[in-house]
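Participant: For reference, the sequence and a predicted model appear below.
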Amino acid sequence: MKKSLVSLLKGRFLVSGDAPKNWLFIVFASLLATVMIASSHSADRKVHEIAALNEEVKQLRSEFVEVRSKVQRLKLESTIRESVYADGLLPAESPPVKIIVAKTEP
């Protein structure tokens, strides 16, 4: 047991007779670890991007609600009366009269 542990620590398995098989496994394990780390980083990046997009959606939704309520207030009759009063326009005292034009043939 002690002999095999010392042999392992000295790296004799890398220079022994069946070393190409060991090197091939080490390269494969390193490549697999690299792919796994890259995949993990990619997943983390996507999670952060999703969180940022969700935050942007919340912000845009609140802005939309704010603008919509502002437009609804601007469409109120009282708001329109106040804005045109500055131009000298007043509401009519009498209701509008419908004008009917008779069509005459030439």
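Facilitator: In hand now; what should we look at? Here the structure is a predicted model, which means the values were calculated and not measured.
Participant: where does the chain have low pLDDT?
Facilitator: Low-confidence regions of the chain, defined by pLDDT under 70, span residues 13, 106.
Participant: which SSE is Ile26 in?
Facilitator: helix 19-74 (DSSP states H and E).
Participant: what inclination does the next helix or strand after that helix have with respect to helix 19-74?
Facilitator: Going down the chain from helix 19-74, the next helix or strand is helix 77-85, by DSSP H and E. Orientation note: helix 77-85 sits at an angle of 70 degrees relative to helix 19-74 (axes from the mean of the first three to the mean of the last three CA atoms, to 10 degrees).
Participant: Okay, buried residues for helix 77-85 please.
Facilitator: Buried residues in helix 77-85, counting neighbours by 16 or more other CB atoms under 10 Å, are absent. (Each C-beta comes from the backbone N, C-alpha and C, glycine too.)
Participant: quick one: contacts of it?
Facilitator: Counting by CB atoms under 8 Å, 6 or more residues apart in numbering, helix 77-85 makes contact with 73-74, 91, all of which sit outside it.
Participant: swap the cut-off to 7 Å and go again
Facilitator: Residues external to helix 77-85 that are found in contact with it (CB atoms under 7 Å, 6 or more residues apart in numbering): 73, 91.
Participant: mind checking how far the spatially most central residue of the chain is from Leu32?
Facilitator: Geometric centre of the chain, nearest residue: Leu53, 2.0 Å, by CA atoms, centre = their mean. Counting by CB to CB, to the nearest Å, the gap from Leu53 to Leu32 is 32 Å.
Participant: and what of Leu5?
Facilitator: Leu5 is 25 Å from Leu32, by CB to CB.
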